[in-house]
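Student: would you be able to build a 3D model of this:
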Amino acid sequence: MAIWSKRSLLIGAVLYALVSIAIISLSSPLFRILGFEYSGCIALFSSLYLLFYSGSEAAKPGQSGIGGRAGSLLLPIFVLSSIPLAISLLSAFFIPNCSIADGILFYIEIVYPTALIAGMCGIAIGSLPISPNRRNSYLALLWIGSFIISLLPGYFTAKIFTYGWQYGYFPGFVWDEAIELHSAYWISRIIEIALIGAWLNYYRRVRGKPIGARRSWQFTIMIVVFVLSTVMIGKEFFDFPIHSYLEKEIITGQIHIHYAPGGLSTDELQLEKVKIADDVKEIEHVYGLALPSEIDIYIFPSTEALYEYVGTREASISKPWRHAVYIAKQNLRSLKHELAHAMLAGYGSFPFDISWSTGLTEKAAMAIDKFLGGRGSIEEKFAPVTEPEKRLGQEEGFAGMTRCEEMHTPPGERIHSFCKVVEDMDERSAVNESKRCLQCDLRLMIKPVKFWVNY
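Tutor: Residues are numbered from 1 along each chain as shown. Okay, here's the model as predicted:
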């Protein structure tokens, strides 16, 4: 087949080039360089375009069986999928990329498997003796249905990451500088390709035969098995592993605290119970509400354990629609913030029960207070107001005090991550820096001088 002379291939090449250039030129720095994010965007586009492209080409008359279709489309699919890689490599001459080797590896691991699966699915459905409209409906239902179902584990379980043939691996909306593709990812890919191979072999035998009710059911069942195969990897659709790992539970009021054996000492556990009870009371007072229902707090003993079961290392996760908080022991300082999200689930929007006004901030508290019939005034003084000393006296060596030097992360470390450039001050440096204060607020207390025009 003279595939290279076809107009559809040229149109596809142009579309791939335009999408790649748009991502590189218009998106954020994280997406415009060759890496995990760029590869995920290209994979998503490839899954949609190559699915319909392969289905349309496979449906054309005069083809030599499914094997012949697959053989003739394999090279065009590879070429189309390689265009964004080539453009991104060229852009590296103008946009610095400190980890281009990792970017190429991610591209190979994510985009090419997605392109292969999209092509195989398109060939399988395009080889059926059905009308073009019905074929396109099948392709659209396959893409949309499998995409939605692949994201469901992120909604119904603790995990923020999901697997799907359109994008490979979605880490959630929490960026992690150490993104890795584990064995579960490759298992999901192998199962997808194996199922589609069996699918192609089945339809190779029924080619040209009319599709009756029996074969329609077989077709539907194979699609369902294909879609569910990925999300079931490693019991991804359930939270059984987390409950087995954090098997210890203690209840304080309506709060259920789950932790691993030995993860919290007796003293630490009692301290956290008191702190959580105080946090709940404070949130209830500030927002004028009560606990809507039971809330589960899962405390992981380390950030690595949190990453393994939830999908994030540094960030703490609250899922208000599940009334649950997932946090590492090292990050318990942010528990009150996540707890506020969970407690305010009733004021959020479906399906995530969150909104911009659910943060533990004064403006959000005012808005909630008005909503509940209050005046919207919840100004609180958590410390007594003190008047500044009007007579400062002489400070020995004040004129010679110098600004504390900023500590910078070495460039060799910064180029491999998104860590802070300027490091935080330690307590001693902060105290020394505060001593250089000029007490400018005293100027507001100086009685203004009256001029003759004021009399």
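Student: in the stretch 201-350 of the chain, which spans are strands?
Tutor: Applying DSSP state E, counting those that start in this stretch to the stretch 201-350 of the chain gives strands spanning 248-252, 255-259, 295-300, 317-319, 324-328.
Student: so which of those strands is nearest F170?
Tutor: Closest of the strands of the stretch 201-350 of the chain to F170 is strand 317-319, at 14.7 Å (criterion: CB to CB). (Glycine included, C-beta is placed from N, CA and C.)
Student: how distant is that closest one from the center of its chain?
Tutor: Offset of strand 317-319 from its chain centre (CA atoms, centre = their mean, to the nearest Å): 12 Å.
Student: paired strands for it, with orientation please.
Tutor: strand 324-328 (antiparallel) (DSSP bridges).
Student: hey, C-alpha coordinates of the strand it pairs with in CSV?
Tutor: Output of strand 324-328 as CSV, limited to C-alpha atoms (Å, rounded to 0.1, in the frame of the first residue of the first chain):
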residue,chain,number,x,y,z
ALA,A,324,-10.1,11.5,54.6
VAL,A,325,-6.6,13.0,55.1
TYR,A,326,-3.4,11.3,54.1
ILE,A,327,-0.2,12.6,55.6
ALA,A,328,3.3,11.6,56.5
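Student: tabulate the strands of the stretch 201-350 of the chain (TSV), appending mean pLDDT and mean neighbour count.
Tutor: As requested, these are exported to TSV (pLDDT from 0 to 100; neighbours: other CB atoms under 10 Å):
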stretch	mean pLDDT	mean neighbour count
strand 248-252	88	13
strand 255-259	92	20
strand 295-300	92	24
strand 317-319	86	23
strand 324-328	91	24
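Student: pipe these into JSON lines and attach distance to E284 per row.
Tutor: Shown next, in JSON lines, are the strands of the stretch 201-350 of the chain (distance: least, CB to CB, whole Å):
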{"stretch": "strand 248-252", "distance to E284": "14"}
{"stretch": "strand 255-259", "distance to E284": "12"}
{"stretch": "strand 295-300", "distance to E284": "12"}
{"stretch": "strand 317-319", "distance to E284": "17"}
{"stretch": "strand 324-328", "distance to E284": "16"}
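Student: of all the ones you listed, which one is nearest V19?
Tutor: Closest among the strands of the stretch 201-350 of the chain, using CB to CB: strand 317-319, at 31.4 Å.
Student: looking at the strands of the stretch 201-350 of the chain, which is closest to R7?
Tutor: Closest to R7 of these is strand 317-319 (CB to CB; 48.0 Å).
Student: was I right to think I283 contacts L339?
Tutor: Yes. If you go by CB atoms under 8 Å, I283 and L339 touch, sitting 6.6 Å apart.
Student: one step back: nearest to L85, out of the strands of the stretch 201-350 of the chain?
Tutor: Of all the strands of the stretch 201-350 of the chain, strand 317-319 sits nearest to L85, with 33.1 Å by CB to CB.
Student: what about the stretch 151-300 of the chain, any weak spots by pLDDT?
Tutor: Residues of the stretch 151-300 of the chain that meet the criterion pLDDT under 70 lie in 172-184, 198-238, 292.
Student: where do the helices sit along it?
Tutor: Along the stretch 151-300 of the chain, counting by DSSP state H, counting those that start in this stretch, helices occupy 183-205, 213-231, 240-245, 266-287.
Student: from R403, how far out is G288?
Tutor: As judged by CB to CB, to the nearest Å, G288 and R403 stand 45 Å apart.
Student: who's more crowded, the two?
Tutor: G288 (15 against 8; other CB atoms under 10 Å).
Student: quick one, phi/psi of the more buried one?
Tutor: Torsion angles at G288 (phi, psi; degrees, to the nearest 10) stand at phi 60, psi 40.
Student: do you know how far it is from E338?
Tutor: For G288 relative to E338 (CB to CB), the value is 20 Å.
Student: can you check A260 too?
Tutor: Where E338 is concerned, A260 sits at a distance of 19 Å (CB to CB).
Student: which one's more surrounded, these two?
Tutor: Comparing A260 with E338 by other CB under 10 Å, the one with more neighbours is E338, at 24 against 17.
Student: wait, doesn't that one sit right on A315?
Tutor: No. With contact defined as CB under 8 Å, E338 does not count as touching A315 (9.6 Å).
Student: ok, I95 touching S27?
Tutor: No. With contact defined as CB under 8 Å, I95 does not reach S27; the gap is 11.3 Å.
Student: A59: what's it in contact with?
Tutor: 126-127, 132, 135 (CB atoms under 8 Å, 6 or more residues apart in numbering).
Student: which one (most neighbours) among those residues?
Tutor: Of all the contacts of A59, the highest neighbour tally under other CB under 10 Å goes to G126, namely 28 neighbours.
Student: quick check: pLDDT value at it.
Tutor: Looking at G126, its pLDDT stands at 82.
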